[in-house]
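In: how would this look folded up:
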Amino acid sequence: MTTNTLTAAPVTDAAALTGKRRIAFASYVDENYLPGFLTLLRSLALSNPSVCEDFVVLYDDLRPGSIARIRALHPRIVLRRVNDTHYDAYKKGDQDNYLVRKAYFILDVFRIREYDTVITLDTDMVVLGDLRELLELREGLAAVPQFFYGQHKLNSGLLVIQREYLSDEFCAKLDKCGRSGDYELDKHDQGILNAVLDGDFIRLDPRYNFVKRRLSGDLPVPDDTAILHFTGRHKPWQGGEAGYSQAEEKWRAYELSDADFQAAYLDSSGGLHHDLVVHFGTPHVRRTGDTEVARKVAAAHIANGDYQDAVDVLESVRIPLDEAWPHEVLGHALMSVSRYEEAKAQLLLATAAPNRAATAYARLAQMAWVHGDNTEALRYATAGITVDPTHRPSRLWAQRAAAVPSQERGSAEDQLAHVAFYMDRQGNAGDKLLPETVRLAFAPDTTSRRWHSVHAHRLFDDAALERVNARRGLVIGGGGLFIPDTMPNGNSAWQWNVPDALLNRIDVPIAVFAVGFNAFDGQSYRANRFRESLLQLVERSAFFGLRNHGSIEKVRAMLPAHLHDKVRFQPCPTTVMRQLVAGWQDPAERDDTILINAAYDRAGLRFGHDYAYFLAQMAQAVRDLGELGTVKCVAHSLDDEKIAFDLRREHGISLPVIPMYDFENDEIRDLYARTKLVIGMRGHAGMIPFGVGTPIISLISHPKMAYFLRDIERPEWGVSVHDRHLAARLVERAKDLLADHAKTVADVHGRQQELWKVTEANAADLRVILGS
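Out: Below is the predicted model of the structure:
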């Protein structure tokens with residue numbers, strides 16, 4: 001096997017590569033305070049229905065039944081025993097056990113290392129309002145000052161703790177203080193923390209820790225209160241305290257049975273978090289058979305990529321014939337697991353309702369197209385447009401179905417079959433350029449004289465198999481074909497819709513070329529189906545090349561050891577474009593431009609809670625970069641224009657937009673070759689400009705760009721979208737790259753040459769395999 005000259009890049013977990021913040025809530029819970037904690041969990045879900053982060057429960061004496069009750073109220077409970085060795089060390093005389101336990105809880109919460117932000121909540125709190133501001137905090141240690149003891153001391157009932165405080169160094173300070181006894185407990189467990197911080201914390205608005213004592217005399221709870229804290233010895237679940245009836249009414253509003261709580265959550269308005277919908281909706285559906293809730297749960301499963309689970313929940317209830325929406329969602333789920341005939345029946349039922357008909361017709365058009373029936377696809381898409389002339393998916397399927405396929409001009413024995421994602425007009429510019437570039441890596445002629453196109457998303461049936469087996473070989477790639485939710489199917493669980501039985505009947509050499517494992521941080525595959533399909537693909541392939549070492553490690557982890565060496569490095573051919581395009585000439589002059597690209601597909605996975613921060617940082621970066629050149633937005637797809645709209649609306653910045661989704665391939669290459677610098681979030685907004693010799697800075701929101709930069713040994717050319725100093729780092733690195741532009745371009749060429757050596761070595765093997 002040919003080896004490459006680049007050192008394999010070290011691979012770490014996705015969060016470390018993207019810099020995405022890991023956020024968790026945390027509470028210390030014992031049996032006495034369990035009723036308060038259960039109410040806290042209910043209030044958190046009902047007042048913040050779109051929020052679902054890990055919840056760390058620190059405990060030392062919870063019974064199994066209590067743990068089960070906790071888990072019923074949150075899908076992401078993380079149990080952790082406290083370090084009770086601190087108890088005797090911190091105890092002073094006859095102090096209240098709970099307060100002392102809370103004192104060493106303070107130490108243990110700072111020992112958490114799995115998260116970047118930890119928000120502590122006391123079990124005698126109830127959440128009444130939006131916590132978004134707390135989730136968006138990124139620096140320091142934040143708390144509400146004590147109301148009765150001045151601004152110098154914090155109330156530890158609520159803490160927002162960032163990574164720099166979740167450290168051994170800070171824990172050592174707390175431990176030293178706790179063991180020395182050099183702090184004031186004085187009925188408040190935050191003595192150790194106040195002694196160490198000595199007033200050095202970020203002050204939060206009191207509404208985030210509004211203490212009950214402020215309402216003495218039965219005062220009403222202010223409308224803007226986000227967290228109400230029942231300080232003092234008399235807790236609402238213990239009978240309460242006279243003079244606070246209005247406050248305790250707020251608490252009792254969340255003292256619900258599991259059934260009532262689940263129903264209340266599922267009736268909530270606004271965006272519901274899909275994990276919470278599944279967690280609360282599943283037992284509700286099992287208990288009630290509620291069709292509408294089953295639809296919501298199924299839609300949440302689909303959003304998570306759990307298509308079979310969506311089918312299961314809707315098949316567990318009786319859907320009335322005249323309830324179109326559940327039929328439409330079930331049809332969507334069934335087609336995603338390749339149960340096409342059943343999906344068709346469900347979607348046809350959904351077309352009876354005017355408000356669901358356009359979506360149902362678009363899905364029917366999609367299924368017809370998947371099966372190669374353009375006439376039927378166009379008929380359904382046209383029906384969708386008739387119902388709703390503004391329905392974009394129907395228009396897209398009509399356009400795709402009406403497209404005239406190019407006539408093949410070569411003979412089968414002279415052609416290679418090529419499985420790829422062939423992008424539509426106004427589709428993603430990078431995916432549009434990719435199939436042609438893959439073909440250039442094999443030969444200069446990229447036309448149908450030498451290539452037979454096989455769209456990855458169409459069902460690979462017996463007729464397709466016959467056509468492929470008539471060719472010299474089969475090339476699969478490139479691009480991120482190993483992703484579960486782009487045109488999902490139940491045959492392979494990745495983008496190529498190929499049943500195992502047909503894959504095993506391919507009798508020409510198979511070359512998997514520059515494919516990527518494209519899962520986002522936080523995204524998972526239907527592991528078994530994908531693993532089985534992947535195993536067969538690797539076994540059947542004569543060449544199996546992945547586009548970065550991160551993908552190599554991910555794929556090898558799913559394979560038996562004897563197949564590991566079969567998985568090799570093949571860079572994306574877009575990264576060596578200058579070597580592939582016949583007669584390529586580097587531009588004599590470049591435009592004085594800096595192009596910025598941002599991506600918005602799967603925005604929640606890209607940005608988490610940090611989009612507002614990202615946008616503000618980009619606004620500052622655009623202003624500062626304007627001193628280095630003319631800054632423009634380059635949109636690979638229509639959705640990429642969002643950054644220009646948002647910068648204008650939120651920050652008053654006008655950013656010219658280049659609609660690259662309308663460009664032909666030569667125009668894409670030419671524009672990227674003529675600019676000075678590209679700052680891009682999409683994978684091919686980095687790899688294409690690099691491939692034509694242009695310096696890049698990657699906005700990292702997906703592991704694949706970190707993988708690429710490590711492969712070329714230039715990790716400093718990437719900045720996480722979550723970076724605390726994003727604007728400053730972007731501008732600093734842009735200045736560094738532009739200071740001696742010729743030197744930077746030469747460095748790009750040198751890095752590219754290393755990738756070209758790998759590609760040339762692999763090409764020698766492929767010539768033997770494919771006989772050309």
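In: C-alpha only now, for contacts and for neighbours.
Out: Noted.
In: So in this protein, which helix runs the longest?
Out: If you go by DSSP state H, the chain has its longest helix at helix 741-770.
In: Could I get the average pLDDT for that helix?
Out: What helix 741-770 shows for mean pLDDT is 97.
In: That helix packs against which elements?
Out: If contacts are counted by 3 or more Cα pairs under 8 Å, 6 or more residues apart in numbering; DSSP states H and E, helix 741-770 sits against helix 684-691.
In: same thing but at 10 Å, please
Out: On a contact count with 3 or more Cα pairs under 10 Å, 6 or more residues apart in numbering; DSSP states H and E, helix 741-770 meets strand 510-517, strand 543-546, strand 567-569, helix 577-580, helix 684-691, strand 696-700, helix 703-711, helix 726-739.
In: Which SSE is immediately downstream of the second one?
Out: Sequence-wise, the next helix or strand downstream of strand 543-546 (DSSP states H and E) is helix 549-556.
In: What is the distance between that following helix and the centre of its chain?
Out: Distance, stretch centre to chain centre, for helix 549-556: 19 Å (Cα atoms, centre = their mean, to the nearest Å).
In: again, but for stretch 700-717
Out: Averaging C-alpha positions (Cα atoms, centre = their mean) puts stretch 700-717 17 Å from its chain's average.
In: circling back: got a markdown table for the helices and strands packed on helix 741-770, with distance to C52 too?
Out: Formatted as a markdown table, the helices and strands packed on helix 741-770 follow (distance: least, Cα to Cα, whole Å):
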| stretch | distance to C52 |
| --- | --- |
| strand 510-517 | 26 |
| strand 543-546 | 34 |
| strand 567-569 | 37 |
| helix 577-580 | 43 |
| helix 684-691 | 32 |
| strand 696-700 | 23 |
| helix 703-711 | 23 |
| helix 726-739 | 26 |
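In: a markdown table please, covering those and showing distance to G652 and mean neighbour count.
Out: As requested, the helices and strands packed on helix 741-770 are arranged in a markdown table below (distance: least, Cα to Cα, whole Å; neighbours: other Cα atoms under 10 Å):
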| stretch | distance to G652 | mean neighbour count |
| --- | --- | --- |
| strand 510-517 | 38 | 24 |
| strand 543-546 | 43 | 25 |
| strand 567-569 | 45 | 24 |
| helix 577-580 | 37 | 22 |
| helix 684-691 | 25 | 27 |
| strand 696-700 | 22 | 27 |
| helix 703-711 | 30 | 25 |
| helix 726-739 | 17 | 18 |
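In: out of these, which comes closest to L440?
Out: When these are compared by Cα to Cα, helix 577-580 sits nearest L440, at 5.9 Å.
In: Only C-alpha atoms, please: export the helix or strand that the closest one is followed by in PDB.
Out: As assigned by DSSP H and E, the chain's next helix or strand after helix 577-580 is strand 593-597. Coordinates of each C-alpha in strand 593-597 appear next as PDB, following Å, rounded to 0.1, in the frame of the first residue of the first chain:
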ATOM      1  CA  THR A 593     -11.100  41.900  -1.200                       C
ATOM      2  CA  ILE A 594     -11.600  39.700   1.800                       C
ATOM      3  CA  LEU A 595     -14.500  37.300   1.400                       C
ATOM      4  CA  ILE A 596     -16.500  36.000   4.400                       C
ATOM      5  CA  ASN A 597     -18.700  32.900   4.400                       C
END
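In: Tell me which helix or strand comes right after strand 593-597.
Out: Where DSSP H and E defines the elements, the next helix or strand beyond strand 593-597 is helix 603-607.
In: Look at D258 and say how many residues are nearby.
Out: Using other Cα atoms under 10 Å, D258 has 16 other residues around it.
In: got the contact list for it?
Out: Contacts for D258 were tallied using Cα atoms under 10 Å, 6 or more residues apart in numbering; they are R42, R69, A72, L73, A264, F280, P283, H284.
In: Now go through these and say which are in strands.
Out: Among the contacts of D258, none falls in strands (DSSP state E).
In: of those, buried ones?
Out: R42, A72, L73, A264, F280, H284 (16 or more other Cα atoms under 10 Å).
In: Just the pLDDT at the second one, thanks.
Out: Right, the one you point to is A72. pLDDT, A72: 98.
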